[in-house]
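K.L.:
I would like to see how this sequence folds:
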Amino acid sequence: MMKQRRQLIENIFSMVTLRGMEYVLAFLLVPYLLRTLGPENYGAIAFMQGIISYFNLAINYGFNLTAPKDIALAEREELPRIFSEYFWGTFFLFLLCSVVFGIGYFILNILFGISLDIPLFFACYMTAVGGVVFPVWFFQGIQEMRYITILNLLGRLITMALLFYLIQSPKDYIKAAFLQSCTTVFAGLFSWYIIYKNWPRILRTPMIKDVWTVYKKGWQIFLSSVAVNLYTSSDVVILGALTNPVIVGYYSGSEKLINCIRRGVGAVSDAIYPYITQKLKDSPSMAYQFLRKQLLFYAMGGIFLGLIVILFSPAIVPWLLGDQYIPSIEPLQIMAFVPFMVAVSTVFGYETMLPLGLQQIYSRVLIAASLVNLALIVPAILWKGALGVAGCVMITETFITVVMGVFLCKKRILLN
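P.N.:
Numbers count the residues shown, from 1 in each chain. Down below sits the predicted model:
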């Protein structure tokens, strides 16, 4: 019991340290890039990153949720089999996505003249490579979050140094996209040294039937991830398609600041997930007691930070991003309570419903939320541009939190 608690505290500390350092690095780097590249080029990068997120979604396939759970519940002798299943499952999806894109883009370019900024596409596509070579899910599953912290920080420090040195003007936007995307690639390369040093011969030749098993196991989570992507990254893509890179840049400026807070929530929840999975199996009453305390802490912190954002964003945005990003103030204020909603829904869904095997309900809630978002996003953009997107994000996150809360309350789970 005490060993599990110490490990949980160490994992939370590691992930919070990582996010804390990310905040410091982002505080230095993001304003520099926004100012140097300008709204138009930064908006172009954000638009392309939104497109690449579809590839990342397919390659990840929900393994960030299913793999840690399987690894956390496995015996040590089972680790090579489970690790190999998920690694090769990710690798084969990467190959499939790359081939499908190459063939699809060639056909669309020849038949319809559709084209992309290909250098920018491949610069951003390095995030997909990083998703394959950096098995974060493995370190999360064995509850050794310190490795994630160290490797991520190492990768970020390398790319940050290169970004400050090489990015000097708006024309360097492709290099900026490439270097930002290489963070997980550097971290992943270093991670394999740690893996082979501590778990030699953990990677085995793939068995197709085993890989197919993890695909079937992750299907519901994959559908949930598709739904989430439809109301996160797709909003930026639709905004870029209906407006222009400058407006995307204004929205992305506010979104970057909100995401700094959201990543803090994600860091703590990633550390808690393997622990709460085991605890719900061994002692449900203690698990629910823990989750209720976490829910109260998240709610108080989220409301406080939301008020700070509303009151002080007119001063924070020009100071951090420059006067050219003053149009980012209103979208930021509209999304002020998004971290609060995300924090609460994370406890409801990620930390309660998934460990209890309620993947189908979880998926349905997120699919319903994505449909709400899709119904609203185009009229909202045509009406208010970046402000419309911000409003849709707030409405969607509120919808998810309320629906999950009502379900848990009716089932007398957590909220009874």
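K.L.:
Please point out which parts of the helix or strand where Leu79 lies sit buried.
P.N.:
Using DSSP states H and E, Leu79 sits within helix 79-112. Across helix 79-112, burial judged by 16 or more other Cβ atoms under 10 Å covers 79, 82-90, 92-94, 97. No exception for glycine: its C-beta is placed from N, CA and C like everyone else's.
K.L.:
That one - contacts with which helices or strands?
P.N.:
helix 2-60, helix 63-73, helix 126-133, helix 136-141, helix 208-217 (3 or more Cβ pairs under 8 Å, 6 or more residues apart in numbering; DSSP states H and E).
K.L.:
out of those, which comes closest to Phe106?
P.N.:
Nearest of the helices and strands packed on helix 79-112 to Phe106, taken as Cβ to Cβ: helix 2-60 at 16.5 Å.
K.L.:
now the closest one: mean pLDDT?
P.N.:
Average pLDDT, helix 2-60: 75.
K.L.:
before we move on, the earlier item: relative to Ile247, which of the helices and strands packed on helix 79-112 is closest?
P.N.:
helix 2-60 (7.1 Å).
K.L.:
where are the low-confidence patches of the stretch 101-250 of the chain?
P.N.:
Along the stretch 101-250 of the chain, segments meeting pLDDT under 70 span 228-232.
K.L.:
all helices of it, in order?
P.N.:
Shown for the stretch 101-250 of the chain, the helices assigned by DSSP state H, counting those that start in this stretch span residues 118-124, 126-133, 136-141, 145-166, 173-181, 183-198, 208-217, 219-230, 233-242, 245-282.
K.L.:
what about these, which gets the closest to Thr346?
P.N.:
Among those, the nearest to Thr346 by Cβ to Cβ is helix 245-282 (5.0 Å).
K.L.:
Which SSE is immediately downstream of the closest one?
P.N.:
Sequence-wise, the next helix or strand downstream of helix 245-282 (DSSP H and E) is helix 284-321.
K.L.:
From the contact counts, what lies against that following helix?
P.N.:
For helix 284-321, the packing partners by 3+ Cβ pairs under 8 Å, 6+ apart are helix 2-60, helix 245-282, helix 329-334, helix 338-348.
K.L.:
Ok, which of the helices of the stretch 101-250 of the chain comes nearest Pro68?
P.N.:
With Cβ to Cβ, the closest approach to Pro68 among those belongs to helix 136-141: 3.9 Å.
K.L.:
Mind giving me the packing neighbours of that closest one?
P.N.:
Packing partners of helix 136-141 (3+ Cβ pairs under 8 Å, 6+ apart): helix 63-73, helix 79-112, helix 145-166, helix 245-282.
K.L.:
If we use 6 Å, what do you get?
P.N.:
When contacts are defined as 3 or more Cβ pairs under 6 Å, 6 or more residues apart in numbering; DSSP states H and E, helix 136-141 packs onto helix 63-73, helix 145-166.
K.L.:
Turn these into JSON lines, including mean neighbour count.
P.N.:
Shown next, in JSON lines, are these (neighbours: other Cβ atoms under 10 Å):
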{"stretch": "helix 63-73", "mean neighbour count": "22"}
{"stretch": "helix 145-166", "mean neighbour count": "18"}
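K.L.:
Dump the ones you listed into CSV; add distance to Ala369 as well.
P.N.:
Putting the helices and strands packed on helix 136-141 into CSV (distance: least, Cβ to Cβ, whole Å) gives the following:
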stretch, distance to Ala369
helix 63-73, 17
helix 145-166, 28
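K.L.:
Any idea which of those gets closest to Ile103?
P.N.:
Nearest of the helices and strands packed on helix 136-141 to Ile103, taken as Cβ to Cβ: helix 63-73 at 24.8 Å.
K.L.:
Other residues contacting the closest one?
P.N.:
Residues outside helix 63-73 that contact it (Cβ atoms under 6 Å, 6 or more residues apart in numbering) are Ile82, Tyr86, Trp137, Gln140, Gly141, Lys217, Gly218, Ile221, Pro274, Thr277.
K.L.:
out of those, which is most surrounded?
P.N.:
Among the contacts of helix 63-73, Tyr86 has the most neighbours (other Cβ atoms under 10 Å), with 27 neighbours.
K.L.:
Setting aside sequence neighbours, what's the nearest residue to it?
P.N.:
The shortest distance from Tyr86 to any residue other than its chain neighbours is 4.5 Å, reached at Ala67 (Cβ to Cβ, 6 or more residues apart in numbering).
K.L.:
what does the model give the one you found for pLDDT?
P.N.:
Per-residue pLDDT puts Ala67 at 86.
K.L.:
Ok, Trp319 next?
P.N.:
pLDDT recorded at Trp319 is 84.
K.L.:
what number of residues lie near it?
P.N.:
Count around Trp319 with other Cβ under 10 Å applied: 11.
K.L.:
Against Ile329, how distant is it?
P.N.:
Distance of Trp319 to Ile329, given as Cβ to Cβ, to the nearest Å: 11 Å.
K.L.:
repeat for Lys175
P.N.:
Distance, Lys175 to Ile329, by Cβ to Cβ: 29 Å.
K.L.:
Output the helices and strands packed on helix 284-321 in TSV, with distance to Val236 appended to each entry.
P.N.:
What follows is those, written out as TSV (distance: least, Cβ to Cβ, whole Å):
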stretch	distance to Val236
helix 2-60	4
helix 245-282	6
helix 329-334	12
helix 338-348	15
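K.L.:
Buried deepest among those, which one?
P.N.:
Neighbour counts averaged per stretch over the helices and strands packed on helix 284-321 are highest for helix 338-348, at a mean of 24; criterion: mean count of other Cβ atoms under 10 Å.
K.L.:
same for that one, what does it pack against?
P.N.:
Secondary-structure packing of helix 338-348 (3+ Cβ pairs under 6 Å, 6+ apart): helix 245-282, helix 284-321, helix 386-410.
K.L.:
lowest-confidence stretch among those helices?
P.N.:
Note on these: helix 245-282 shows the lowest mean pLDDT, a mean of 78.
K.L.:
now the angle from it to helix 63-73?
P.N.:
Helix 245-282 runs at 20 degrees relative to helix 63-73, counting by axes from the mean of the first three to the mean of the last three Cα atoms, to 10 degrees.
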